[in-house]
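Colleague: The following comprises the amino acid sequence and a computationally predicted model.
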Amino acid sequence: MDNIDRIINDIIAQWNPLDVPCAIQNQEYEQYVPLIKNNIDNKSSLELCIEEITCTNMGLESSISLKTDIEKICDKIYELGQKQKM
């Protein structure tokens, strides 16, 4: 896992949408990093990707609160992607 992968994983782990114990957060979300990284250059695609991951893969119910969280997470990840281009 390269540095940007670790940072993406850390962002998702800190958010911890599944509320897993701290000891396994990084391992729990690692599988989603490649999908997220593939969408890092397009904010709307990134939001759709993370929404699909949380609702379809993780089984969370879509809600206004979840959408707000996703927007915040996408902002962080998208900004990370933009910094990597510099």
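Modeller: That came in fine, so what should we check first? Numbering: from 1, shown residues only.
Colleague: Skipping adjacent residues, who's closest to the most centrally placed residue in the chain in space?
Modeller: The centre of the chain sits closest to I12, judged by Cα atoms, centre = their mean, with a distance of 4.7 Å. Spatial nearest neighbour of I12, excluding adjacent residues (Cβ to Cβ, 6 or more residues apart in numbering): Y29 at 4.2 Å. For glycine as for every other residue, the C-beta is placed from the backbone atoms N, C-alpha and C.
Colleague: Identify all contacting residues around the host helix or strand of the one you found.
Modeller: Assigned by DSSP states H and E, Y29 falls within helix 25-29. Residues from elsewhere that reach helix 25-29 (Cβ atoms under 8 Å, 6 or more residues apart in numbering): 9-10, 12-14, 16, 18, 20.
Colleague: which residues of this protein fall in helices?
Modeller: Assigned by DSSP state H, the chain shows helices spanning 3-15, 25-29, 33-38, 43-52, 64-85.
Colleague: Quick check: of the contacts of helix 25-29, which lies closest to C49?
Modeller: Checking the contacts of helix 25-29 against C49 by Cβ to Cβ gives I12 as the nearest, at 11.7 Å.
Colleague: so what's that closest one up against?
Modeller: Residues counted as contacts of I12 (Cβ under 8 Å, 6+ apart) are 29, 32-33, 36, 73.
Colleague: Pull out the buried members of those residues.
Modeller: Buried members of the contacts of I12, counted by 16 or more other Cβ atoms under 10 Å: 29, 32-33, 36, 73.
Colleague: Out of those residues, which comes closest to S65?
Modeller: Nearest to S65 out of the buried ones among the contacts of I12 is I73 (Cβ to Cβ; 12.7 Å).
Colleague: just checking, the closest one touches D10?
Modeller: No. Counting by Cβ atoms under 8 Å, I73 stays clear of D10, with 11.5 Å between them.
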